[in-house]
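Engineer: please find the sequence and the predicted model below.
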Protein chains: 2
Amino acid sequence: MDWNITETNQLTPQDIDRQGNKLLIGNGYIGYRGTLEEFNKEQKTATIVSGLYDKVGNQWREPVNLPNGCFVQIIYKGESLHALTSKVISHAQSVDMQSAVHMRETLFETSDGNCITIRSRRFASLARHHLLCMEYSISVDHECEVDIHTGIDGDVWDINGPHFVEMETYERDNVISVSAITHENAVRVVVSEAVLFPVENETRTTSFRDFDKVPIQSTLTFYKFISHVTGIDSTDPVKASRELCKESALLGFDSLLAEHTALWSQRWEACDIQITGDEEAQQALRFSMYHLLSIVPAHTERASIPARGMSGQMYKGAIFWDTEIFMLPFFTHAFPSLARNLLLYRYHTLDGARRKAHEYGFRGAFYAWESQDTGDDACTLFNVTDVFTNRPMRTYFRDKQVHISADVVYAFWQYFSLTGDASIWRDGGTEVVFECARFFLSYIYYNPDKHRYEILDVTGPDEYHERVHNNAYTNRMAANTLEVCRKVVTYLQQNSPEFFEELITTLDFESDLAFINDVVSNLYLPDSNPTDGLIPQFDDYFTLENLPLKSLVERKLHPHEYFGGGSGLATTTQIIKQADVVLMLYLFGEQHSLETKSVNWEYYEPRTEHGSSLSACSYSLIAAQIGKVDWAYKYFMKTATIDLSGKGKQYVGTLYIGGTHPAGNGGAWMSAVFGLCGIRCINDTISINPHLPAHWEQVSIPFMLHGQKLKITLTHEIISVKPLSPLEIPLTISVGESIYPLHATGEIKIQIN
Amino acid sequence: MDWNITETNQLTPQDIDRQGNKLLIGNGYIGYRGTLEEFNKEQKTATIVSGLYDKVGNQWREPVNLPNGCFVQIIYKGESLHALTSKVISHAQSVDMQSAVHMRETLFETSDGNCITIRSRRFASLARHHLLCMEYSISVDHECEVDIHTGIDGDVWDINGPHFVEMETYERDNVISVSAITHENAVRVVVSEAVLFPVENETRTTSFRDFDKVPIQSTLTFYKFISHVTGIDSTDPVKASRELCKESALLGFDSLLAEHTALWSQRWEACDIQITGDEEAQQALRFSMYHLLSIVPAHTERASIPARGMSGQMYKGAIFWDTEIFMLPFFTHAFPSLARNLLLYRYHTLDGARRKAHEYGFRGAFYAWESQDTGDDACTLFNVTDVFTNRPMRTYFRDKQVHISADVVYAFWQYFSLTGDASIWRDGGTEVVFECARFFLSYIYYNPDKHRYEILDVTGPDEYHERVHNNAYTNRMAANTLEVCRKVVTYLQQNSPEFFEELITTLDFESDLAFINDVVSNLYLPDSNPTDGLIPQFDDYFTLENLPLKSLVERKLHPHEYFGGGSGLATTTQIIKQADVVLMLYLFGEQHSLETKSVNWEYYEPRTEHGSSLSACSYSLIAAQIGKVDWAYKYFMKTATIDLSGKGKQYVGTLYIGGTHPAGNGGAWMSAVFGLCGIRCINDTISINPHLPAHWEQVSIPFMLHGQKLKITLTHEIISVKPLSPLEIPLTISVGESIYPLHATGEIKIQIN
């Protein structure tokens, strides 16, 4: 049962929202919420496809929710069987994470006392990314007739829709299609489905198929093969969509499920971490990886993972820094090719970042705070509604969170240094790095009085303090950007001099490069104070009001008032939204002593509100490093269970902002592997310094470095590292003060206690 | 009657507040509100003395309101005669501006039908600045007896008091004294009074004197001589105060009034502008000068003029940039020695400005936004209360309005170049200029990408847009600071090389001086766009929402909501609080073409809310220059009548913020003389380009330049300039394209139409 996530509640609307996220299935192209077949827009049914966005009027640009091909409604003697409104004797809904199949089983009691059980299974085919497959069965206690209403429901849930115009429906060869075009870019969107139904008394109405008075003796089962194709994927999406349905119907459900399951098995083999002694942690961590795998765009390098995954239109389906900083490590060490896809998305959206820099009067690339398909910024200047006046509140996410460009560069270098995949530089990475470096060159100022460069007027990770100067995180990340730029230059000069020379000329980068040297050595990096070791989050941070978080919360006059913004309660205090200095200490761990980490963790932890799902993992990671295993575990579980518990904030006013938290999922992996297991890679060395919770008996981790697959197994006594295939390049294991060369095939075991 | 400001309302509490300001009398040391003798703290009776501040607990530091020596209450058959609560047949209250005497005449009808008239006159002696003199008379229709309750009322109105501890009362030799010490610095404060009373049936209780059953046949008159001395003025304030009372009582009211009136006559002779054809303008302008003269500290160079004059504790009795930019021109051209006092106040508070710069991590002198006696900043970080949450709102007046230091330097140079008084440089001016220049050197940043210095993160005059970059006003003023610094250096090198060398060494200014040259030539000055001629008020100003002021006002949800601050309605729009670019165009008039002035006036005028009394005069001044005489007149009258009409905002919540507006008064003089009369001085040349309103037949202006007293008379046809004493240095008059040397004694008349 380890692999099953099961819910057995009697459903309420709140459960439906939560389970819609938690029990989502996806294959990186399609995300389908964990709703029931009889549900519609009211229950937030959604089929999101990667990379498709639309804007209507002045509303937010957001992902398009496709017509819902999974719709089925059973009618018994005029009575619609519906999990929310019918009499439900029992209901179970689950996802088998191993095969990424959603299942439901609901026992209805009809008003005349008949017991009808509905079961279904569905999956988003990992082998055929446009395809959703569904098996649906009806079992009865007493022989009866039911009406079955199924088809493609084009009346979809939208936050800022409707997104379709010219919707058409047609049917031929037993395949129904709904076709429409989007408002903004007139992209054709087609959903088709073939229904394999055992009887033939069918009537067809628009996009629905009605099977009336179907006799059921004990169980009736039918299948739907639903394809989703857009004009972005195909020059003839109608044809492509219909052919996929036909082909799939011929192959049949079992065969499609088999190929799907085989691919998921391979995935799990590459990443499944096994924890002995803590079933709860095991499930939460697996669940975190399940979600990351369900939404990672394996099929393209032109999409990335939105901050709310593929769970709907929330957060505009936008890609934030979440991907680079909190999700990439998992992919880098388990699926480098998927990490590469995610990175190259930034190359394909580089022009959008150039446009944004230009818009604000800078050079180079200023990445979108909220990035969609083009890389133009979907973030508005007003992101929060003031609860006291109901007015939009000016926030400085879009224009001041410049660290985004540095986060992208950080991720590129991490990928390169951990995978050894130098092709990334020729395939777009260099251009990204150069343009981001150039952006910071045009953003910085020189302080002649203090003889140093500074980075002014930014918003760091802690969004409760906007427009600050010399944010420790941002400055360090910008310095890193320039340093990475120099390292890439050195690498290319040595390895691809012609490519390098050509690019330098094309990008007119020579003079910028010369300037970087001066800036790198004179950029102000807020560092720990010699007396108390504290690093100021930004200039004058320590002059702000210093009070306990509890006291600040008590000042609230409205339960939903925003802590940040121009008049936010936290703005004038030291209370921060999320890890900022502590995240910096993690990302630049080698540059800071344990003492510095400890002092700053102790200072910032009680002042952090964790108003972001990105916060917990940083506190877990540093807690582990400084030996606070209980805290490391607590924060690990917090980030690992974020979508299991579904306790996050769901609504702002009437606006639904729930959804999945892939950065929290990625943070769970980081906290487990880098934090509790204490794994840290520098070049070809894996340093291992475990901080296992006492009740963890053993952890085993599939782990890739420089293309080499390893299995790392930890207990409280022994560290074992085993190559899963003969090593092609030498790796070294570092434990404590000792260094152990890893042999090409042999496992090494190191006694630690 | 031109010289009388008279009110004849039946008093309401609102009238009392308004008249308290409007009918204030003062001599620069004492300010006494225009209230009635029977009034007390409820009616905001106040005796403010210059330069005395106190702070109680965590409340705002504010001027001390001294015990009220003018108190008199007449009681007729147990019935207190009080203008608010008794039956008043007629009431007139006025100030004779010519002699600065406050008068009242109130006819009461008692419940038994007796008619009793109370008349009083009082003045704050210009000859003896610690002294208030009062004449009080009671006239009856029918012979009767009254009780007269008079003395010193120590129970005073306070905004953030009480300010006295250890209050003592004593009496000897017919002089009553109330003595106390202030909370914060234990400054002794003494108010004494001698009462010259024609009868003797007196009882004394604490600080009051009760004359019971005083028979009155027709009229009874008595006199009070009230002295106000503090430990700042005297080592033995009790003695000094009592002696002044005794001496004054011996001299008598008439004699003291005569010497007072003579001095006021001299003042009016030096400044009175006479307008023929517009009585309203005449009165308003005279009224403006009356107020400036009543509150200018003639007795000391250690005080300056607070933003609400001496009308109470409002605005903390603090000195703002108002003095330097809006009041000094009047004094410079009419009373240079008083201008000098005001300037040297900034020298005496230079250490406070140094402390403030240091507090914020800068060098040099960062003057207080709200300056009191020490020059430390009385401005808090939270200046406004949010009407929606009742929370203090963070504002950036104190920490970001850096132009204050540039305003001070601008004023020093104006004074020097218009009076020729070079002693100001040796007497402290140079140190002020150097330290302010140094402040900007430490505040600026270099933008390596744009190859220029910039001034970031400031609040300009328009306080609705805080924390902006490259505010056109601030940058130009900072550049001027550096240029003035260079000019002073050149002047001193030529004229006082030893003094200069010593100061440079003492202040360690050599390297700063070298740096100034580079900055001056590379400091970014936002200038008019070549296509439309517009000057951006700050970086990205034109990207803000562009809407009519009316539309913004319609968005208000609360009548008193503040337009600025973090969430203010104006913050994200182009609506500004007050003249900003337009003020800059006035102050640097020679550097901008009429076309630029015209284009920018037209753009900014409809976008200006005039939420500050400093705004109207700038719009008047530029309107005159660009030939919009109607607008120039409209804004002139707006600023000239600000305290006559008393229409300004009086309360924020329960906090009284009314008071007089000396900057508005100074602005009236500027608008009349520099605007409508078109007088502009550059070195020893007076350029005259009148824009007289059509109904103004003639204006004559006493005007000083380089110590030379002139009378300038304008009609629509003729400009006449006449030296009032033989010229010691040659001056030139410039009209249109022509230049006219002014002869040592002769008047010149220039036909202009």
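Structural biologist: Now that the structure is in, tell me what you want to look at. Residues are numbered from 1 along each chain as shown, chains lettered A, B, ... in the order given.
Engineer: list of residues touching stretch A:663-674?
Structural biologist: Identification of contacts with stretch A:663-674 by Cβ atoms under 8 Å, 6 or more residues apart in numbering or on different chains yields A:273, A:281, A:284-285, A:287-289, A:291-292, A:307, A:320, A:322-323, A:325-330, A:333, A:613-614, A:616-618, A:620-621, A:624, A:632, A:635-636, A:639-640, A:642-643, A:679-680, A:699, A:701, A:703. C-beta: built from backbone N, CA, C; applies to glycine.
Engineer: one more: stretch A:555-569?
Structural biologist: The contact list for stretch A:555-569 (Cβ under 8 Å, 6+ apart) reads A:384, A:386-388, A:393-395, A:463-466, A:552, A:570-571, A:575, A:577, A:609, A:611, A:652-653, B:386, B:389, B:391, B:393-394, B:565-568, B:571.
Engineer: so which of these are in helices?
Structural biologist: The members of the contacts of stretch A:555-569 that map onto helices under DSSP state H are A:L552.
Engineer: mind giving me the ChimeraX select for the contacts of stretch A:555-569, buried ones only?
Structural biologist: Of the contacts of stretch A:555-569, the buried ones can be selected in ChimeraX as follows, counting by 16 or more other Cβ atoms under 10 Å in any protein chain shown:
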select /A:384,386,387,388,393,394,395,463,464,465,466,552,570,571,575,577,609,611 /B:386,389,391,393,394,565,566,567,568,571
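Engineer: buried sites along the strand or helix carrying A:A479?
Structural biologist: Using DSSP states H and E, A:A479 sits within helix A:472-495. Residues of helix A:472-495 classed as buried: A:472-485, A:488-489, A:492 (neighbour count, 16+ other Cβ under 10 Å).
Engineer: beyond it, next helix or strand please.
Structural biologist: Once the chain leaves helix A:472-495, the next helix or strand it forms, by DSSP H and E, is helix A:497-507.
Engineer: which helices and strands sit right next to that following helix?
Structural biologist: Identification of packing neighbours for helix A:497-507 by 3 or more Cβ pairs under 8 Å, 6 or more residues apart in numbering or on different chains; DSSP states H and E yields helix A:430-443, helix A:472-495.
Engineer: quick check: residues of chain A near chain B?
Structural biologist: Taking Cβ under 8 Å from any Cβ of the partner chain as the criterion, chain A approaches chain B at residues A:361-363, A:381-382, A:386, A:388-389, A:391, A:393-394, A:441-442, A:444-449, A:454, A:456-457, A:467, A:469, A:515, A:539, A:557, A:565-568, A:571-572.
Engineer: so where's chain A shaky on pLDDT?
Structural biologist: Applying pLDDT under 70 to chain A picks out residues A:1, A:201-202, A:204-205.
Engineer: excluding chain neighbours, give the residue nearest to A:L293 in space.
Structural biologist: Nearest residue to A:L293, sequence neighbours excluded (Cβ to Cβ, 6 or more residues apart in numbering or on different chains): A:R267, at 5.6 Å.
Engineer: part of a helix, is A:R122?
Structural biologist: No: assigned with DSSP: H, G, I helix; E, B strand; the rest coil, A:R122 falls outside any helix and is strand.
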